[in-house]
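In: A predicted structure for the sequence below; I have some questions about it.
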Amino acid sequence: MAPFIIGLLLGLLGMWLLYAKKGKQIKVVNEEKQLLQQEKQIVVEFMHNMVEAVAEGSDRFAMFQRIIHAAILSTGAMSACIYEKTKHNTLQGIATEGLFPPQRKMPLRGQSDSAQQTRTAYLEEVLRAESFRVGEGLIGQVAKSKRALLIPDAVNDPRVLQQLDPALQVRSIIVAPVLFQEELIAVLAVTNPADGLAFTETDFSLVESLAEQVGLAVHNSDVMQLQIEKNKLDNDIELASSIQGLLMPHEFPALKQIEFAAQYLPAQKIGGDLYDIFSLDDDTIGVAVADVSGKGISASILMAICQTHLHHFSKQERSPAKVLSEINRMMESSMRRDMFITIVYAVFDLKTETVTLARAGHELPFFYDSQDDGSVVIGPVESEGMPVGMVPPEVFDAIISDTQIQFGKDDALLFYTDGLTESANSDGEEFSGARLLEVLQEHGAGSAQSLLDQALESLTCFAGTDGLTDDLTVIAIKHV
């Protein structure tokens, strides 16, 4: 009987020990689940803070400062700092909170309470001035390896720099790289848990997760800022395009004997071509076509300035050569050396049926000259001149001159920019002035609009519709 009772008691004891062990294991598992849940909640809250930081991210420093604050709240650290990777491949302190110990030796300062705020500001100044090469110091080592580092006992670890100021002693530290798709963005460091204990593996795992979220947040912020800047630029370009459209003539002078047709096609939203047709008085019309070297906003601004000068000086001078000389005199000293303007300016006298023109380096106008015997002479109107802004006034004035032609019944003129004649087909062959002369030969007897349409249709048939590589302007003028 006794052995039976002893065996029963031993069995019950074994079962109790087994259940106790399982209970302990269940408790450990529950505690681990609770820790994981807490870590998950911390990461979720951190991500929420990051989303808000990105949404407010017009100020990059403010965003990093918010990231640091969120890191301290999430980890219970007493201080934190983030070092951003610069374009020079160094790591620069950009944001800090708490008394984060500088990673270079600094002189001991006073520690009175009244000096505390001053010392905090001083530390922030020191940290923002710190710069580390990749591989240099604790921060640089983590940047080089792209692996987070946990040092629970930093006091006795030779890798950790300790300052003379006891308030800046590093007891425990976690340093983690901030990456996006394996590209280093920054390094995040947190020091000294507020409870006085060392950082644990759980803390380490948490900081790694936070650094990963920081990388995503910074990347998204950069993408968002680029999009904002692009949108602003698009709006500026749209506005510039609208303003440029206002500079072009929307109506031509209503004349019985002369027809006008014009087409401007910018290669981009805004371009560097200009044409203008305007009345100088009841019997005189000014016509100009110009092309700025380059494209985009700078070209359009330069063209607007040129047009302003054209209108101003054309009221004072009837000689196109003198008008262009004055424009060159005004613009030569203020233009960039890599920019210039080619322009042809013509004055149509309705009484004398003449056209007087001058050319500043622009493409020669093409003339459809209808003879009294019914024949036609077609060719360029020869004229010498240098582009505006390319040479000083004394050189420019010595070359440019007026050319006058009779412009009577059935005559036609074509003004254009090199975007027309230099447009190329898929084989790289240019449309050329010779093909434009052929268009004038075949269709010069028609109306101004018909001549313009035929020129553009011929270009499309030759070069296709893949888009312009340069701004294109054409003006057809017909004496009816």
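Out: Everything's here; your move. Remember, it's a predicted structure, so these values are computed and weren't measured experimentally.
In: Y416 bridge partners, please.
Out: V474 (DSSP bridges).
In: Report pLDDT for it.
Out: Looking at Y416, its pLDDT reads 96.
In: and it, how many neighbours does it have?
Out: Neighbourhood size, Y416 [other Cβ atoms under 10 Å]: 26. (C-beta placed from N, C-alpha, C; glycine too.)
In: Remind me which helix or strand the residue nearest to E97 when sequence neighbours are not counted belongs to.
Out: Nearest residue to E97 in three dimensions, chain neighbours excluded: I68, at 4.8 Å (Cβ to Cβ, 6 or more residues apart in numbering). Assessed by DSSP states H and E, I68 sits inside helix 60-75.
In: Report the backbone C-alpha coordinates of that helix in CSV.
Out: The C-alpha coordinates for helix 60-75 follow below in CSV (Å, rounded to 0.1, in the frame of the first residue of the first chain):
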residue,chain,number,x,y,z
ARG,A,60,13.2,69.9,-43.8
PHE,A,61,14.8,70.8,-40.4
ALA,A,62,11.4,70.9,-38.7
MET,A,63,10.6,67.5,-40.1
PHE,A,64,13.8,66.0,-38.7
GLN,A,65,13.2,67.7,-35.4
ARG,A,66,9.8,66.1,-35.2
ILE,A,67,11.3,62.7,-36.1
ILE,A,68,13.8,63.1,-33.2
HIS,A,69,11.0,64.0,-30.8
ALA,A,70,9.0,61.0,-31.9
ALA,A,71,12.0,58.7,-31.4
ILE,A,72,12.5,59.9,-27.8
LEU,A,73,8.8,59.4,-27.0
SER,A,74,8.8,55.9,-28.5
THR,A,75,12.0,54.6,-26.9
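In: Show me what it is packed up against.
Out: For helix 60-75, the packing partners by 3 or more Cβ pairs under 8 Å, 6 or more residues apart in numbering; DSSP states H and E come out as helix 2-55, strand 77-85, strand 90-97, strand 183-193, helix 201-247.
In: Please repeat the previous calculation with a cut-off of 10 Å.
Out: With contacts taken as 3 or more Cβ pairs under 10 Å, 6 or more residues apart in numbering; DSSP states H and E, helix 60-75 sits against helix 2-55, strand 77-85, strand 90-97, strand 173-180, strand 183-193, helix 201-247.
In: Where among the ones you listed is average confidence lowest?
Out: helix 2-55 (a mean of 56).
In: Just to check, the residue nearest to E97 is in contact with Y83?
Out: No: counting by Cβ atoms under 10 Å, I68 sits too far from Y83 to count as a contact (11.1 Å).
In: Ramachandran angles for A254?
Out: A254 has phi and psi values of phi -80, psi 110 when expressed as degrees, to the nearest 10.
In: One more: V347?
Out: The phi/psi pair for V347 (degrees, to the nearest 10) is phi -120, psi 120.
In: low-scoring pLDDT stretches of the chain, where are they?
Out: By pLDDT under 70, the low-scoring segments of the chain are 1-59, 107-119, 228, 233-247, 269-270, 295-296, 465-468.
In: domain assignment for it?
Out: According to automatic domain parsing, the chain comprises the domains 18-225, 249-479.
In: burial count for the closest residue to F431 other than its chain neighbours?
Out: Leaving aside its sequence neighbours, F431 sits nearest to S423 (Cβ to Cβ, 6+ apart; 4.8 Å). Using other Cβ under 10 Å, S423 has 19 other residues around it.
In: Give me the distance between S423 and G361.
Out: Here the criterion is Cβ to Cβ, to the nearest Å. By it, S423 lies 20 Å from G361.
In: Just list what the helix or strand where Y275 lies packs against, helices and strands only.
Out: Taking DSSP H and E as the definition, one finds Y275 inside strand 273-281. Judged by 3+ Cβ pairs under 10 Å, 6+ apart, strand 273-281 is in contact with helix 201-247, strand 258-265, strand 284-292, helix 296-314, strand 341-349, strand 412-416, strand 472-479.
In: now stretch 374-388: how far from the chain's centre is it?
Out: Centroid separation for stretch 374-388 versus its chain: 43 Å, with Cα atoms, centre = their mean, to the nearest Å.
In: correction: stretch 340-359
Out: 40 Å.
In: And it, end to end?
Out: 14 Å (Cα to Cα, to the nearest Å).
In: helices or strands next to the helix or strand containing A455 in the packing?
Out: Per DSSP H and E: A455 is located in helix 448-463. Contact here means 3+ Cβ pairs under 10 Å, 6+ apart; on that basis helix 448-463 packs against strand 258-265, strand 412-416, helix 418-421, helix 432-443, strand 472-479.
In: Please identify the deepest-packed of those.
Out: With neighbours taken as mean count of other Cβ atoms under 10 Å, the helices and strands packed on helix 448-463 reach their highest mean count in strand 412-416, at a mean of 27.
In: intersection of neighbour lists for I68 and Y83?
Out: Counting by Cβ atoms under 10 Å, 6 or more residues apart in numbering, the common neighbours of I68 and Y83 are 94-96, 188-189.
In: who's in contact with S432?
Out: Contacts for S432 (Cβ under 10 Å, 6+ apart) come out as 420-424, 438, 462.
In: could you redo the last one with a cut-off of 6 Å?
Out: Listed by Cβ atoms under 6 Å, 6 or more residues apart in numbering, the contact set of S432 reads T421.
In: Run a quick neighbour tally on N231.
Out: Counted by other Cβ under 10 Å, the residues lying close to N231 total 10.
In: One more: N156?
Out: Neighbour count for N156, taken as other Cβ under 10 Å: 7.
In: Tell me which helix or strand the residue nearest to D402 when sequence neighbours are not counted sits in.
Out: In space, and not counting its chain neighbours, D402 is closest to A321: 4.6 Å by Cβ to Cβ, 6+ apart. Using DSSP H and E, A321 sits within helix 320-331.
In: and the angle from that helix to helix 296-314?
Out: Per axes from the mean of the first three to the mean of the last three Cα atoms, to 10 degrees, the angle that helix 320-331 makes with helix 296-314 is 130 degrees.
In: From the contact counts, what lies against helix 320-331?
Out: Applying 3 or more Cβ pairs under 6 Å, 6 or more residues apart in numbering; DSSP states H and E, we find helix 320-331 packed against helix 296-314, strand 341-349, strand 354-360, helix 393-399.
In: where's that helix relative to the chain centroid, distance-wise?
Out: With Cα atoms, centre = their mean, you get 35 Å for helix 320-331.
In: can I get the CA coordinates of that helix in CSV?
Out: Extracted in CSV, the C-alpha atoms of helix 320-331 (Å, rounded to 0.1, in the frame of the first residue of the first chain):
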residue,chain,number,x,y,z
PRO,A,320,14.7,99.2,-89.5
ALA,A,321,18.5,99.2,-89.3
LYS,A,322,18.5,102.1,-86.8
VAL,A,323,15.8,100.4,-84.7
LEU,A,324,17.8,97.2,-84.5
SER,A,325,21.0,99.1,-83.7
GLU,A,326,19.3,100.8,-80.8
ILE,A,327,17.9,97.4,-79.5
ASN,A,328,21.5,96.0,-79.7
ARG,A,329,22.8,99.0,-77.9
MET,A,330,20.3,98.6,-75.1
MET,A,331,20.6,94.8,-74.7
